[in-house]
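> whatever this is, show me its structure:
(2 chains)
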Number of protein chains: 2
Amino acid sequence: MRSHTYIDSLGSARMMARALDGKALAKEIKDELKIKIHNWINAGHRAPSLRCIIVGQDPASHTYVKNKIAAATEIGIEAQTIKYDATLTEEALIAAIELLNNDKTVDGILVQLPLPNSIDERRVCNAVAPEKDVDGFHITNVGQLCLDMPTIVPATALAVIEMLKRFKIDTFGRNAVVVGRSKNVGLPIAMMLHSDKNHDSGLGMDATVTICHRHTPPAQLELHCRNADIIITATEVVKVAGAVTPVPGGVGPMTVAMLMHNTFQAAQKIWQQ
Amino acid sequence: MRSHTYIDSLGSARMMARALDGKALAKEIKDELKIKIHNWINAGHRAPSLRCIIVGQDPASHTYVKNKIAAATEIGIEAQTIKYDATLTEEALIAAIELLNNDKTVDGILVQLPLPNSIDERRVCNAVAPEKDVDGFHITNVGQLCLDMPTIVPATALAVIEMLKRFKIDTFGRNAVVVGRSKNVGLPIAMMLHSDKNHDSGLGMDATVTICHRHTPPAQLELHCRNADIIITATEVVKVAGAVTPVPGGVGPMTVAMLMHNTFQAAQKIWQQ
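Residues are numbered from 1 along each chain as shown, chains lettered A, B, ... in the order given. As a prediction, the model looks like this:
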């Protein structure tokens, strides 16, 4: 078996005996952002601003949004939550988003998912102006990512790539397995891992990438993982013989940190326009 | 070694001893389209229309465009070539595209690549209205493909998927290797092969997909190919021990046929709007 790096994008990462500490890295990135934002404001700009829209009363969603607002505020981003009842119509939500799209004091817009069943999530994601879409879910941002163009990348996927980079894990020509084909996590990770690092996005990792998913037979999944240098799973823990053990609490804090990165990036780009 | 299907997307395909005859299948698809377009016109619609823009004198490009126009005309698509000197500016080309975007008698617009070095191909591809972009190169069409939404798919990639379907090659949970990560061929093929067949596009194939490319070490490429049920290469011939031999002339005619499919699809969608 090859020695390999294992990142659980809902959980954690270890490289053989060496743990990839996502929590400590998230703090490092937020500390860096805090200084950059401080300098940005000192240079005469207004604070970057983020609006989190939440519809309904799902407790987990409210906790996620609270964590995002706290992280933003901590590093100097002006952040507000906009709460709506679950009875909100799709049209009213889109009208609210359009107001924020046109608000020159707003840089980042985030609509916490899931939305009530009566609302079409895809339509809502595409209603956010692409340059303010800090979740990277808009069709234009997805298309740009796949074309290796500068774009806004979904935060969890960006967190995984940033961990690989910061922990100096060699990906060039290596075998990487991505378990899970979700559009927000598995797919964008596979996009960045396999693509050319010399292209405009600067996110390419030049790995050979295998995308496994629910229909991959277990024996084949094991075979791909045994031959992998890097294994990234967006699903529940995958058993790989020996060597690697996932631990909870790795990529979560990194996702919030990269969302802040996306917000500051959006603020800078909007200012440049 | 597994028995596997091999498709060379610039060339041909064989499944073990059984040859996948792209030329015959292309004729079959064009014959089907001819009947559908005949019925469409008989139902009172104008003929679907295609405009092929070509800039400069590259002989290969002129041959490709000629073949496309001939295929279109043969099946009842009203097709015209629009020729410009290599001295054409990017702005003038984009202005010409915008005229066609706004022309209600035009369904499909194709800009033959490559363009002269003075012109930004990405900007030109994005200037074509997404609903008339029969090459499927616009960011919006790429994003839609990656999100499993109905879209226009680049013709060569669609040709490969159509061949797999028409030759009833089972892909569900199988190992597929795509050699080459080009944005027009390798990438869209990998997108369709790995994705969920129950999603809206109807193009998902549910295979486990490995994307190999120039930085995949030869020994690893061989290993991935040996374990593959299906091998698709958008690059030069890859040597796989025994069993499969590529033959020239397979996907080329299919690409033209699928471009005609895209044009008729565009005409129908534009009429529905």
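> ok, the residue nearest to the spatial centre of chain A to residue A:29 distance?
Central residue of chain A (C-alpha atoms, centre = their mean): residue A:155, 1.4 Å from the mean position. When C-beta to C-beta, to the nearest Å is the yardstick, residue A:155 and residue A:29 sit 11 Å from each other. The C-beta positions use only the backbone N, C-alpha and C, and glycine is treated the same way.
> spit out the residues that contact these two alike.
The contact sets of residue A:155 and residue A:29 overlap at A:258, A:261 (C-beta atoms under 8 Å, 6 or more residues apart in numbering or on different chains).
> what about the residue in the stretch 51-200 of chain A positioned nearest to chain B, how many residues close to it?
Using C-beta to the nearest C-beta, residue A:143 is the residue of the stretch 51-200 of chain A that sits closest to chain B, at 3.1 Å. Neighbours of residue A:143 under the rule other C-beta atoms under 10 Å in any protein chain shown: 24.
> ok, the spatially closest residue to it that is not a sequence neighbour to residue B:191 distance?
Spatial nearest neighbour of residue A:143, chain neighbours left out: residue B:143 (3.1 Å); criterion: C-beta to C-beta, 6 or more residues apart in numbering or on different chains. Going from residue B:143 to residue B:191 by C-beta to C-beta gives 11 Å.
> okay, and the common contacts of these two?
residue A:146.
> next one, pLDDT for the residue of the stretch 51-200 of chain A closest to chain B please.
For residue A:143, the model assigns a pLDDT of 98.
> and the strands in the stretch 151-273 of chain A?
A:175-179, A:208-212, A:230-233 (DSSP state E, counting those that start in this stretch).
> looking at the ones you listed, which is nearest to residue B:90?
strand A:208-212 (34.4 Å; C-beta to C-beta).
> can you give the contact residues for that closest one?
By C-beta under 8 Å, 6+ apart, strand A:208-212 touches A:173-181, A:186-187, A:190, A:193-194, A:220-221, A:224, A:228, B:190, B:194, B:208-213, B:215-216, B:220-221, B:224.
> cutoff 7 Å now
Here strand A:208-212 makes contact (C-beta atoms under 7 Å, 6 or more residues apart in numbering or on different chains) with A:173-179, A:181, A:186, A:190, A:193-194, A:221, A:224, B:194, B:208-212, B:216, B:220.
> between that strand and strand A:175-179, how big is the angle?
The directions of strand A:208-212 and strand A:175-179 differ by 20 degrees, with axes from the mean of the first three to the mean of the last three C-alpha atoms, to 10 degrees as the criterion.
> in strand A:208-212, what counts as buried?
Under the neighbour-count criterion of 16 or more other C-beta atoms under 10 Å in any protein chain shown, strand A:208-212 has A:208-212 buried.
> which one of those residues is nearest residue A:39?
residue A:209 (36.9 Å).
> the strand or helix carrying residue A:126: what's the following helix or strand?
Using DSSP states H and E, the element containing residue A:126 is helix A:121-127. Following helix A:121-127 in sequence order, the next helix or strand is helix A:139-146 (DSSP H and E).
> got the angle between that next one and helix B:139-146?
Using the same axes, to 10 degrees: helix A:139-146 against helix B:139-146 is 80 degrees.
> what is helix A:139-146 packed up against?
Helix A:139-146 sits against helix A:186-194, helix B:139-146, with contacts defined as 3 or more C-beta pairs under 7 Å, 6 or more residues apart in numbering or on different chains; DSSP states H and E.
> cool, thanks, signing off.
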